[in-house]
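Chemist: Take a look and give me a structure for this.
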Amino acid sequence: MTMTRRDVLLAFAALAAGAEYRSAGAASAPRAADVVVIGAGAAGIAAARRIQAANRKVVVVEAAERIGGRCHTDLTTFDTPFDRGARWLFEPDTNSVARLARGAGTAVFPAPPGQKIRIGRRNARAGETERFLATLVRARRAIADAARGRADLSCAAAMPGDLDVWAATIDFVLGASATGKDLKDLSAMDRARAPQRRAAIGCKQGLGALLTTLSQGLPISLSTPAARIIWTGRDVGVETPAGRIGARAVIVTVSTNVLASGDIRFTPDLPKRQLDAAAKLSLGSYDRIALWLPGNPLGLGHNETMIEQSSDRTTALLTANANGSSLCTVDIAGSFGRDLSAQGEAAMLAFATEWLTKLFGSDAAATIKRSAVTRWNAAPHVLGAMSAAEVGGQPSRKILVEPLGSLFFAGEATHETLWGSVDGAWESGERAADAALRKIGALREPEQPAAATRKPSRHHRRSPSRHPRDAFGFPQP
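Modeler: Take a look at the predicted model:
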(Lines give C-alpha, C1' and ligand atoms only; values in the text may rest on other atoms or scores of the structure.)
Protein backbone atom coordinates (compact mmCIF):
# COMPACT_ATOMS: atom_id res chain seq x y z
CA MET A 1 0.00 0.00 0.00
CA THR A 2 1.17 3.52 -0.75
CA MET A 3 0.18 5.88 2.04
CA THR A 4 -0.33 9.50 1.12
CA ARG A 5 1.53 12.31 2.85
CA ARG A 6 -1.74 13.16 4.62
CA ASP A 7 -2.01 9.58 5.96
CA VAL A 8 1.55 9.69 7.28
CA LEU A 9 1.08 13.08 8.94
CA LEU A 10 -2.12 11.95 10.65
CA ALA A 11 -0.48 8.78 11.90
CA PHE A 12 2.51 10.62 13.31
CA ALA A 13 0.24 13.26 14.82
CA ALA A 14 -1.46 10.47 16.72
CA LEU A 15 1.93 9.16 17.89
CA ALA A 16 2.96 12.64 18.96
CA ALA A 17 -0.21 13.02 20.96
CA GLY A 18 0.50 9.71 22.70
CA ALA A 19 4.05 10.83 23.48
CA GLU A 20 2.74 14.06 24.97
CA TYR A 21 0.47 12.20 27.37
CA ARG A 22 3.19 9.71 28.27
CA SER A 23 5.40 12.58 29.34
CA ALA A 24 2.63 13.64 31.76
CA GLY A 25 3.11 10.42 33.74
CA ALA A 26 1.73 9.46 37.12
CA ALA A 27 3.82 11.98 39.03
CA SER A 28 1.97 14.90 37.50
CA ALA A 29 -1.58 13.58 37.97
CA PRO A 30 -3.87 16.27 39.45
CA ARG A 31 -4.94 15.90 43.06
CA ALA A 32 -8.62 16.77 42.59
CA ALA A 33 -11.32 16.69 39.93
CA ASP A 34 -15.07 16.70 39.61
CA VAL A 35 -14.93 13.26 38.00
CA VAL A 36 -12.13 10.72 37.77
CA VAL A 37 -12.32 8.26 34.87
CA ILE A 38 -10.54 4.92 35.21
CA GLY A 39 -9.30 3.72 31.81
CA ALA A 40 -8.38 5.50 28.55
CA GLY A 41 -10.11 3.18 26.10
CA ALA A 42 -13.13 4.10 23.99
CA ALA A 43 -15.51 4.32 26.96
CA GLY A 44 -13.11 6.36 29.07
CA ILE A 45 -12.29 8.82 26.30
CA ALA A 46 -15.98 9.27 25.48
CA ALA A 47 -16.83 9.89 29.14
CA ALA A 48 -13.98 12.37 29.59
CA ARG A 49 -14.90 14.31 26.46
CA ARG A 50 -18.51 14.56 27.66
CA ILE A 51 -17.50 15.82 31.11
CA GLN A 52 -15.02 18.29 29.69
CA ALA A 53 -17.70 19.59 27.30
CA ALA A 54 -19.88 20.27 30.36
CA ASN A 55 -17.10 22.54 31.72
CA ARG A 56 -16.32 20.22 34.62
CA LYS A 57 -12.85 19.11 35.65
CA VAL A 58 -12.05 15.54 34.66
CA VAL A 59 -8.96 13.39 35.12
CA VAL A 60 -8.34 10.10 33.30
CA VAL A 61 -5.97 7.55 34.84
CA GLU A 62 -4.77 4.67 32.68
CA ALA A 63 -2.73 1.73 33.96
CA ALA A 64 -1.11 1.02 30.59
CA GLU A 65 1.55 3.15 28.93
CA ARG A 66 -0.68 3.99 25.97
CA ILE A 67 -4.15 5.26 25.08
CA GLY A 68 -6.81 3.11 23.41
CA GLY A 69 -7.48 0.06 25.56
CA ARG A 70 -8.52 -2.76 23.23
CA CYS A 71 -8.03 -0.42 20.25
CA HIS A 72 -4.29 -0.60 19.67
CA THR A 73 -2.60 0.42 16.43
CA ASP A 74 0.97 -0.79 15.88
CA LEU A 75 2.74 1.68 13.58
CA THR A 76 6.24 0.20 13.79
CA THR A 77 6.22 -3.56 13.08
CA PHE A 78 5.03 -3.41 9.46
CA ASP A 79 5.01 -0.91 6.62
CA THR A 80 1.35 -0.19 7.28
CA PRO A 81 -0.71 0.44 10.44
CA PHE A 82 -1.58 -2.86 12.15
CA ASP A 83 -4.66 -2.93 14.40
CA ARG A 84 -3.80 -5.39 17.12
CA GLY A 85 -7.31 -5.20 18.61
CA ALA A 86 -10.57 -3.80 17.25
CA ARG A 87 -10.38 -3.08 13.53
CA TRP A 88 -13.94 -2.28 12.30
CA LEU A 89 -16.59 0.34 12.99
CA PHE A 90 -20.00 -1.18 12.25
CA GLU A 91 -23.04 0.60 10.83
CA PRO A 92 -20.97 3.68 9.83
CA ASP A 93 -24.02 5.74 8.81
CA THR A 94 -25.21 5.84 12.44
CA ASN A 95 -22.00 5.06 14.33
CA SER A 96 -20.94 8.05 16.44
CA VAL A 97 -17.26 7.04 16.38
CA ALA A 98 -17.35 6.78 12.58
CA ARG A 99 -18.79 10.29 12.44
CA LEU A 100 -16.01 11.57 14.69
CA ALA A 101 -13.41 9.77 12.57
CA ARG A 102 -14.51 11.64 9.48
CA GLY A 103 -14.58 14.91 11.40
CA ALA A 104 -11.02 14.29 12.59
CA GLY A 105 -9.83 13.86 9.01
CA THR A 106 -9.22 10.13 9.34
CA ALA A 107 -9.24 8.25 6.04
CA VAL A 108 -11.76 5.42 6.14
CA PHE A 109 -12.50 2.54 3.78
CA PRO A 110 -15.45 0.14 3.48
CA ALA A 111 -15.17 -3.51 4.40
CA PRO A 112 -15.34 -5.67 1.26
CA PRO A 113 -18.87 -6.67 0.24
CA GLY A 114 -18.13 -10.38 -0.14
CA GLN A 115 -16.05 -13.09 1.46
CA LYS A 116 -14.70 -16.47 0.41
CA ILE A 117 -15.07 -19.93 1.87
CA ARG A 118 -12.25 -22.37 1.38
CA ILE A 119 -12.92 -26.10 1.10
CA GLY A 120 -9.55 -27.79 1.18
CA ARG A 121 -7.38 -26.06 -1.42
CA ARG A 122 -10.20 -24.63 -3.49
CA ASN A 123 -12.82 -21.96 -3.09
CA ALA A 124 -16.36 -23.06 -2.38
CA ARG A 125 -18.56 -23.35 -5.42
CA ALA A 126 -21.65 -21.16 -5.76
CA GLY A 127 -23.97 -23.96 -4.69
CA GLU A 128 -21.85 -24.78 -1.65
CA THR A 129 -21.80 -21.16 -0.59
CA GLU A 130 -25.57 -20.96 -0.94
CA ARG A 131 -26.01 -24.06 1.23
CA PHE A 132 -23.72 -22.59 3.86
CA LEU A 133 -25.62 -19.29 3.91
CA ALA A 134 -28.95 -21.11 4.15
CA THR A 135 -27.58 -23.13 7.07
CA LEU A 136 -26.32 -19.94 8.72
CA VAL A 137 -29.81 -18.40 8.41
CA ARG A 138 -31.38 -21.44 10.08
CA ALA A 139 -28.81 -21.35 12.89
CA ARG A 140 -29.41 -17.68 13.62
CA ARG A 141 -33.16 -18.17 13.60
CA ALA A 142 -32.79 -21.07 16.02
CA ILE A 143 -30.90 -18.81 18.45
CA ALA A 144 -33.56 -16.12 18.09
CA ASP A 145 -36.32 -18.64 18.73
CA ALA A 146 -34.52 -19.99 21.80
CA ALA A 147 -34.07 -16.47 23.16
CA ARG A 148 -37.83 -16.02 23.25
CA GLY A 149 -38.22 -18.87 25.72
CA ARG A 150 -38.69 -18.44 29.44
CA ALA A 151 -35.37 -20.02 30.38
CA ASP A 152 -32.03 -19.15 28.83
CA LEU A 153 -29.91 -21.85 27.24
CA SER A 154 -26.63 -22.04 25.38
CA CYS A 155 -26.49 -21.20 21.69
CA ALA A 156 -25.13 -24.70 21.07
CA ALA A 157 -28.21 -26.25 22.67
CA ALA A 158 -30.39 -24.17 20.33
CA MET A 159 -28.68 -25.38 17.15
CA PRO A 160 -30.63 -27.52 14.68
CA GLY A 161 -29.44 -31.10 14.63
CA ASP A 162 -28.92 -31.27 10.86
CA LEU A 163 -26.16 -28.73 10.22
CA ASP A 164 -24.15 -31.56 8.66
CA VAL A 165 -20.72 -30.60 7.25
CA TRP A 166 -21.23 -26.96 8.24
CA ALA A 167 -21.70 -27.51 11.99
CA ALA A 168 -18.15 -26.57 13.05
CA THR A 169 -18.05 -23.64 10.63
CA ILE A 170 -21.33 -22.29 12.01
CA ASP A 171 -19.96 -22.62 15.54
CA PHE A 172 -16.93 -20.55 14.53
CA VAL A 173 -18.87 -17.92 12.60
CA LEU A 174 -21.61 -17.29 15.18
CA GLY A 175 -19.54 -18.11 18.22
CA ALA A 176 -15.76 -17.76 18.40
CA SER A 177 -15.25 -15.35 15.50
CA ALA A 178 -18.10 -13.04 16.52
CA THR A 179 -17.83 -13.14 20.32
CA GLY A 180 -14.59 -14.84 21.35
CA LYS A 181 -16.49 -17.81 22.84
CA ASP A 182 -17.76 -21.12 21.48
CA LEU A 183 -21.53 -21.50 21.12
CA LYS A 184 -21.67 -23.87 24.10
CA ASP A 185 -20.43 -21.04 26.32
CA LEU A 186 -22.81 -18.36 24.99
CA SER A 187 -26.19 -17.21 26.26
CA ALA A 188 -28.82 -17.46 23.52
CA MET A 189 -30.65 -14.47 25.00
CA ASP A 190 -27.54 -12.31 24.95
CA ARG A 191 -26.48 -13.40 21.46
CA ALA A 192 -29.94 -12.71 20.05
CA ARG A 193 -29.92 -9.14 21.39
CA ALA A 194 -26.84 -8.19 19.38
CA PRO A 195 -27.92 -6.12 16.35
CA GLN A 196 -27.42 -7.36 12.83
CA ARG A 197 -24.39 -5.75 11.24
CA ARG A 198 -24.93 -4.73 7.64
CA ALA A 199 -21.85 -2.65 6.89
CA ALA A 200 -18.46 -1.75 8.34
CA ILE A 201 -15.57 0.61 7.75
CA GLY A 202 -11.94 0.57 8.77
CA CYS A 203 -9.52 3.42 9.44
CA LYS A 204 -6.39 3.57 7.31
CA GLN A 205 -4.45 5.09 10.20
CA GLY A 206 -5.85 2.46 12.59
CA LEU A 207 -8.56 2.52 15.25
CA GLY A 208 -6.05 2.91 18.05
CA ALA A 209 -4.54 5.93 16.34
CA LEU A 210 -8.05 7.35 15.91
CA LEU A 211 -8.78 7.07 19.64
CA THR A 212 -5.48 8.77 20.42
CA THR A 213 -6.52 11.62 18.13
CA LEU A 214 -9.95 11.85 19.79
CA SER A 215 -8.29 12.02 23.21
CA GLN A 216 -6.27 15.13 22.43
CA GLY A 217 -6.84 17.89 24.96
CA LEU A 218 -7.89 15.49 27.72
CA PRO A 219 -5.87 15.29 30.96
CA ILE A 220 -4.74 11.65 30.82
CA SER A 221 -2.13 10.14 33.13
CA LEU A 222 -0.63 7.00 31.63
CA SER A 223 1.13 4.26 33.60
CA THR A 224 -1.09 5.27 36.50
CA PRO A 225 -3.07 2.29 37.79
CA ALA A 226 -5.96 2.82 40.16
CA ALA A 227 -5.10 0.90 43.33
CA ARG A 228 -8.20 1.75 45.38
CA ILE A 229 -11.50 3.54 44.71
CA ILE A 230 -13.43 5.11 47.58
CA TRP A 231 -17.01 5.57 46.44
CA THR A 232 -19.22 6.58 49.36
CA GLY A 233 -19.38 9.44 51.84
CA ARG A 234 -17.41 12.65 51.52
CA ASP A 235 -14.05 11.03 50.82
CA VAL A 236 -14.76 9.89 47.26
CA GLY A 237 -11.54 9.50 45.36
CA VAL A 238 -9.00 7.28 43.63
CA GLU A 239 -5.71 6.14 45.11
CA THR A 240 -2.82 5.64 42.68
CA PRO A 241 0.91 4.96 43.17
CA ALA A 242 1.45 8.71 42.69
CA GLY A 243 -1.07 9.71 45.34
CA ARG A 244 -4.75 10.25 45.93
CA ILE A 245 -7.09 12.10 43.55
CA GLY A 246 -10.14 13.53 45.25
CA ALA A 247 -13.39 13.51 43.28
CA ARG A 248 -17.11 13.98 43.45
CA ALA A 249 -17.76 10.96 41.20
CA VAL A 250 -15.77 8.10 39.65
CA ILE A 251 -16.40 6.29 36.36
CA VAL A 252 -14.83 2.84 36.00
CA THR A 253 -14.34 1.58 32.43
CA VAL A 254 -12.04 -1.42 32.98
CA SER A 255 -12.90 -4.79 31.46
CA THR A 256 -15.09 -7.28 33.32
CA ASN A 257 -12.11 -9.60 33.77
CA VAL A 258 -10.07 -6.84 35.41
CA LEU A 259 -13.05 -5.89 37.57
CA ALA A 260 -13.52 -9.49 38.70
CA SER A 261 -9.79 -10.05 39.27
CA GLY A 262 -9.66 -7.87 42.38
CA ASP A 263 -6.66 -5.89 41.11
CA ILE A 264 -8.59 -2.70 41.91
CA ARG A 265 -9.76 -2.48 45.53
CA PHE A 266 -13.00 -0.75 46.43
CA THR A 267 -13.96 0.92 49.71
CA PRO A 268 -16.49 -0.18 50.65
CA ASP A 269 -16.29 -3.51 48.83
CA LEU A 270 -18.37 -3.84 45.70
CA PRO A 271 -21.68 -5.61 46.33
CA LYS A 272 -21.78 -9.28 45.38
CA ARG A 273 -24.48 -8.40 42.84
CA GLN A 274 -22.02 -6.36 40.76
CA LEU A 275 -19.16 -8.83 41.12
CA ASP A 276 -21.38 -11.71 40.05
CA ALA A 277 -22.55 -9.67 37.06
CA ALA A 278 -18.95 -9.07 35.96
CA ALA A 279 -18.16 -12.77 36.31
CA LYS A 280 -21.13 -13.74 34.13
CA LEU A 281 -19.90 -11.32 31.45
CA SER A 282 -16.35 -12.63 31.26
CA LEU A 283 -14.23 -11.85 28.23
CA GLY A 284 -13.88 -14.22 25.32
CA SER A 285 -10.57 -14.95 23.64
CA TYR A 286 -9.62 -13.36 20.30
CA ASP A 287 -6.07 -12.98 19.01
CA ARG A 288 -4.41 -12.05 15.76
CA ILE A 289 -1.40 -13.55 14.00
CA ALA A 290 -0.01 -10.97 11.58
CA LEU A 291 2.12 -12.03 8.62
CA TRP A 292 3.88 -9.97 5.96
CA LEU A 293 3.35 -11.85 2.67
CA PRO A 294 4.80 -9.86 -0.25
CA GLY A 295 3.62 -10.62 -3.77
CA ASN A 296 0.08 -11.65 -2.78
CA PRO A 297 0.78 -15.43 -2.79
CA LEU A 298 -2.79 -16.10 -1.57
CA GLY A 299 -4.32 -14.43 -4.63
CA LEU A 300 -6.87 -12.48 -2.57
CA GLY A 301 -8.08 -8.89 -2.88
CA HIS A 302 -7.49 -5.91 -0.61
CA ASN A 303 -8.96 -6.52 2.88
CA GLU A 304 -10.66 -9.68 1.60
CA THR A 305 -11.68 -12.15 4.29
CA MET A 306 -11.88 -15.93 4.16
CA ILE A 307 -12.95 -18.82 6.36
CA GLU A 308 -12.75 -22.54 5.75
CA GLN A 309 -15.23 -25.37 5.91
CA SER A 310 -13.84 -26.73 9.16
CA SER A 311 -14.45 -30.02 10.93
CA ASP A 312 -13.49 -28.91 14.45
CA ARG A 313 -12.45 -25.88 16.55
CA THR A 314 -8.98 -25.76 14.95
CA THR A 315 -9.72 -23.01 12.48
CA ALA A 316 -9.31 -19.28 11.88
CA LEU A 317 -10.39 -16.18 9.96
CA LEU A 318 -8.05 -14.80 7.30
CA THR A 319 -7.92 -11.13 6.27
CA ALA A 320 -5.62 -10.52 3.31
CA ASN A 321 -3.65 -7.53 2.02
CA ALA A 322 -4.74 -4.96 4.62
CA ASN A 323 -5.20 -1.54 3.02
CA GLY A 324 -3.58 -2.83 -0.15
CA SER A 325 -0.37 -3.81 1.64
CA SER A 326 1.25 -7.22 2.08
CA LEU A 327 -0.12 -7.54 5.63
CA CYS A 328 -2.31 -10.61 6.18
CA THR A 329 -3.82 -11.64 9.50
CA VAL A 330 -4.97 -14.99 10.84
CA ASP A 331 -7.46 -14.54 13.67
CA ILE A 332 -7.92 -17.30 16.24
CA ALA A 333 -10.69 -17.26 18.84
CA GLY A 334 -12.80 -19.18 21.30
CA SER A 335 -11.48 -22.11 23.32
CA PHE A 336 -9.06 -23.13 20.58
CA GLY A 337 -7.66 -19.61 20.36
CA ARG A 338 -7.35 -19.38 24.13
CA ASP A 339 -5.43 -22.66 24.33
CA LEU A 340 -3.17 -21.75 21.42
CA SER A 341 -2.43 -18.26 22.73
CA ALA A 342 -1.46 -19.73 26.10
CA GLN A 343 1.22 -21.79 24.36
CA GLY A 344 2.99 -18.64 23.18
CA GLU A 345 4.09 -16.89 20.02
CA ALA A 346 6.01 -19.80 18.49
CA ALA A 347 2.98 -22.10 18.66
CA MET A 348 0.73 -19.42 17.21
CA LEU A 349 3.05 -18.80 14.26
CA ALA A 350 3.40 -22.55 13.68
CA PHE A 351 -0.39 -22.93 13.49
CA ALA A 352 -0.76 -20.00 11.07
CA THR A 353 1.93 -21.46 8.81
CA GLU A 354 0.39 -24.94 8.85
CA TRP A 355 -3.13 -23.56 8.30
CA LEU A 356 -2.11 -21.46 5.29
CA THR A 357 -0.16 -24.41 3.89
CA LYS A 358 -3.23 -26.64 4.23
CA LEU A 359 -5.41 -24.14 2.36
CA PHE A 360 -3.01 -22.60 -0.18
CA GLY A 361 0.02 -24.86 -0.41
CA SER A 362 3.55 -24.62 0.96
CA ASP A 363 4.62 -21.82 -1.38
CA ALA A 364 2.24 -19.36 0.32
CA ALA A 365 3.63 -19.86 3.81
CA ALA A 366 7.21 -19.85 2.51
CA THR A 367 6.95 -16.17 1.60
CA ILE A 368 6.46 -14.92 5.19
CA LYS A 369 8.96 -12.12 5.81
CA ARG A 370 7.82 -10.62 9.11
CA SER A 371 5.32 -11.60 11.79
CA ALA A 372 3.72 -10.50 15.04
CA VAL A 373 1.07 -11.90 17.35
CA THR A 374 -1.32 -10.53 19.95
CA ARG A 375 -1.99 -12.22 23.29
CA TRP A 376 -4.84 -10.27 24.85
CA ASN A 377 -5.54 -12.85 27.56
CA ALA A 378 -2.08 -12.16 28.96
CA ALA A 379 -2.38 -8.36 28.74
CA PRO A 380 -2.54 -7.44 32.46
CA HIS A 381 -4.75 -4.37 32.04
CA VAL A 382 -7.32 -6.15 29.82
CA LEU A 383 -7.18 -9.95 30.35
CA GLY A 384 -9.14 -10.91 27.25
CA ALA A 385 -11.09 -9.70 24.21
CA MET A 386 -14.79 -8.74 24.33
CA SER A 387 -17.47 -9.60 26.89
CA ALA A 388 -19.92 -12.42 26.14
CA ALA A 389 -22.60 -13.54 28.58
CA GLU A 390 -22.72 -17.09 29.86
CA VAL A 391 -26.04 -18.91 30.03
CA GLY A 392 -28.33 -16.91 32.33
CA GLY A 393 -25.98 -13.94 32.25
CA GLN A 394 -27.80 -11.56 29.91
CA PRO A 395 -29.44 -9.52 32.74
CA SER A 396 -25.96 -8.88 34.12
CA ARG A 397 -25.37 -6.11 31.59
CA LYS A 398 -28.15 -4.03 33.12
CA ILE A 399 -26.96 -4.87 36.64
CA LEU A 400 -23.38 -3.83 35.89
CA VAL A 401 -24.44 -0.38 34.72
CA GLU A 402 -26.37 0.38 37.93
CA PRO A 403 -24.80 3.36 39.76
CA LEU A 404 -23.46 2.80 43.27
CA GLY A 405 -23.48 6.07 45.17
CA SER A 406 -20.86 8.18 43.39
CA LEU A 407 -19.54 5.23 41.40
CA PHE A 408 -20.50 4.55 37.78
CA PHE A 409 -19.52 1.82 35.31
CA ALA A 410 -18.99 1.97 31.55
CA GLY A 411 -17.46 -0.15 28.82
CA GLU A 412 -18.71 -2.41 26.06
CA ALA A 413 -19.90 -4.98 28.61
CA THR A 414 -22.45 -2.51 30.01
CA HIS A 415 -24.20 -2.02 26.66
CA GLU A 416 -27.18 -4.36 26.30
CA THR A 417 -27.06 -4.59 22.51
CA LEU A 418 -23.77 -3.15 21.22
CA TRP A 419 -21.53 -5.20 23.52
CA GLY A 420 -18.25 -6.24 21.93
CA SER A 421 -18.03 -3.10 19.78
CA VAL A 422 -16.20 0.22 19.84
CA ASP A 423 -19.50 2.03 19.30
CA GLY A 424 -21.06 0.27 22.28
CA ALA A 425 -18.12 1.21 24.50
CA TRP A 426 -18.29 4.83 23.32
CA GLU A 427 -22.03 5.13 23.94
CA SER A 428 -21.67 3.58 27.39
CA GLY A 429 -19.00 6.14 28.28
CA GLU A 430 -21.24 9.04 27.28
CA ARG A 431 -24.13 7.52 29.21
CA ALA A 432 -22.02 7.10 32.36
CA ALA A 433 -20.72 10.66 32.02
CA ASP A 434 -24.27 12.02 31.89
CA ALA A 435 -25.18 10.03 34.99
CA ALA A 436 -22.11 11.31 36.84
CA LEU A 437 -22.83 14.89 35.80
CA ARG A 438 -26.39 14.57 37.11
CA LYS A 439 -25.03 13.16 40.37
CA ILE A 440 -22.82 16.21 40.96
CA GLY A 441 -25.54 18.63 39.87
CA ALA A 442 -23.91 19.62 36.58
CA LEU A 443 -26.68 18.22 34.38
CA ARG A 444 -30.41 18.40 34.87
CA GLU A 445 -32.50 15.24 35.01
CA PRO A 446 -34.03 14.54 31.58
CA GLU A 447 -37.67 15.51 31.31
CA GLN A 448 -40.11 12.68 30.73
CA PRO A 449 -41.63 13.09 27.26
CA ALA A 450 -45.37 12.96 26.76
CA ALA A 451 -46.75 9.62 25.67
CA ALA A 452 -46.18 9.16 21.96
CA THR A 453 -45.54 6.48 19.43
CA ARG A 454 -41.86 5.63 19.68
CA LYS A 455 -39.75 5.35 16.59
CA PRO A 456 -37.59 2.25 16.40
CA SER A 457 -34.08 2.65 17.79
CA ARG A 458 -31.36 3.15 15.24
CA HIS A 459 -29.91 -0.17 16.38
CA HIS A 460 -33.04 -2.06 15.36
CA ARG A 461 -34.00 -0.40 12.08
CA ARG A 462 -33.78 -2.63 9.07
CA SER A 463 -32.56 -1.44 5.73
CA PRO A 464 -34.33 -3.13 2.84
CA SER A 465 -31.46 -2.36 0.51
CA ARG A 466 -28.73 -4.23 2.39
CA HIS A 467 -28.13 -7.75 3.57
CA PRO A 468 -27.23 -7.82 7.27
CA ARG A 469 -23.72 -8.97 8.06
CA ASP A 470 -21.99 -10.91 10.74
CA ALA A 471 -18.80 -9.72 12.43
CA PHE A 472 -16.76 -10.27 9.29
CA GLY A 473 -19.43 -9.63 6.68
CA PHE A 474 -21.40 -12.79 6.00
CA PRO A 475 -25.08 -12.06 5.32
CA GLN A 476 -27.40 -12.69 8.26
CA PRO A 477 -31.12 -13.47 8.30
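Chemist: close enough to count as contact, residue 388 and residue 180?
Modeler: Yes: using CB atoms under 8 Å, residue 388 is in contact with residue 180, at 6.0 Å. In this view, the C-beta of every residue, glycine as well, is placed from N, C-alpha and C.
Chemist: Mind listing the shared neighbours of these two?
Modeler: Here residue 388 and residue 180 have 283-284, 420 as joint contacts, going by CB atoms under 8 Å, 6 or more residues apart in numbering.
Chemist: Pick the one among those closest to residue 400.
Modeler: Nearest to residue 400 among these: residue 283, at 13.3 Å, using CB to CB.
Chemist: any idea how far that closest one is from residue 88?
Modeler: Residue 283 is 18 Å from residue 88, where distance means CB to CB, to the nearest Å.
Chemist: swap in residue 131?
Modeler: 27 Å.
Chemist: if you count what's nearby, which of these two comes out ahead?
Modeler: More neighbours surround residue 88 than the other of residue 131 and residue 88, with 21 against 15 (other CB atoms under 10 Å).
Chemist: excluding its backbone neighbours, what's nearest the more buried one?
Modeler: residue 200 (4.2 Å; CB to CB, 6 or more residues apart in numbering).
Chemist: Dihedrals phi and psi, that neighbour?
Modeler: Main-chain torsions, residue 200, degrees, to the nearest 10: phi -150, psi 150.
Chemist: Count the neighbours of the closest residue to residue 187 other than its chain neighbours for me.
Modeler: In this structure, residue 187 finds its nearest non-sequential neighbour in residue 389, 4.2 Å apart by CB to CB, 6+ apart. By other CB under 10 Å, 27 other residues sit near residue 389.
Chemist: Mind jotting down where the helices sit in the stretch 51-200 of the chain?
Modeler: Residue ranges of the helices in the stretch 51-200 of the chain, as given by DSSP state H, counting those that start in this stretch, are 96-103, 126-147, 155-158, 167-171, 177-179, 188-193.
Chemist: how deep is the residue nearest to residue 88 tucked in, by neighbour count?
Modeler: Residues lying near residue 200 (other CB under 10 Å) number 21.
Chemist: do residue 90 as well
Modeler: Residues near residue 90, counting by other CB under 10 Å: 24.
Chemist: ok, now residue 149?
Modeler: By the criterion of other CB under 10 Å, residue 149 has 11 neighbours.
Chemist: try residue 312
Modeler: By other CB under 10 Å, the residues close to residue 312 number 10.
Chemist: which non-adjacent residue is nearest it?
Modeler: Using CB to CB, 6+ apart and skipping the chain neighbours, the partner closest in space to residue 312 is residue 168 (5.6 Å).
Chemist: remind me which residues of the stretch 101-250 of the chain are low pLDDT?
Modeler: Scanning the stretch 101-250 of the chain for pLDDT under 70 picks out the ranges 114.
Chemist: Mind doing that once more with 90?
Modeler: For the stretch 101-250 of the chain, the stretches with pLDDT under 90 are 111-115, 195-198, 233-234.
Chemist: one step back: what spatial separation is found between the residue nearest to residue 88 and residue 385?
Modeler: For residue 200, the distance to residue 385 equals 17 Å [CB to CB].
Chemist: so can I have a markdown table of the helices of the stretch 51-200 of the chain showing distance to residue 65?
Modeler: Listed next are these as a markdown table, based on distance: least, CB to CB, whole Å:
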| stretch | distance to residue 65 |
| --- | --- |
| helix 96-103 | 23 |
| helix 126-147 | 40 |
| helix 155-158 | 37 |
| helix 167-171 | 37 |
| helix 177-179 | 29 |
| helix 188-193 | 33 |
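Chemist: right, so of those, which gets closest to residue 342?
Modeler: Across the helices of the stretch 51-200 of the chain, closest to residue 342 is helix 177-179 (CB to CB), at 19.0 Å.
Chemist: hang on, the earlier thing: mind picking the one among the shared contacts of residue 388 and residue 180 that's closest to residue 109?
Modeler: Looking across the shared contacts of residue 388 and residue 180 and measuring by CB to CB, the closest to residue 109 is residue 420, at 21.7 Å.
Chemist: Would you confirm that that closest one belongs to a helix?
Modeler: No: read with DSSP: H, G, I helix; E, B strand; the rest coil, residue 420 is coil and lies in no helix.
Chemist: ok, it - contacts?
Modeler: Contacts of residue 420 were listed using CB under 8 Å, 6+ apart, and they are 178-180, 194, 386-388, 412.
Chemist: Return the member of these nearest to residue 335.
Modeler: Among those, residue 180 lies closest to residue 335 (CB to CB), at 9.8 Å.
Chemist: ok, so what distance separates the closest one from residue 200?
Modeler: For residue 180, the distance to residue 200 equals 18 Å [CB to CB].
Chemist: I figured residue 390 was touching residue 282, is that so?
Modeler: Yes: at 7.2 Å, residue 390 counts as touching residue 282 under the criterion of CB under 8 Å.
Chemist: quick one, which of those two is more surrounded?
Modeler: When neighbours are counted by other CB under 10 Å, residue 390 and residue 282 differ, and residue 282 comes out ahead with 21 against 18.
Chemist: Pull up the gap between the more buried one and residue 81, please.
Modeler: Distance, residue 282 to residue 81, using CB to CB: 30 Å.
Chemist: ditto for residue 156
Modeler: Counting by CB to CB, the gap from residue 156 to residue 81 is 37 Å.
Chemist: The two: which is more packed in?
Modeler: Counted by other CB under 10 Å, residue 156 and residue 81 do not tie: residue 81 has more neighbours, with 27 against 18.
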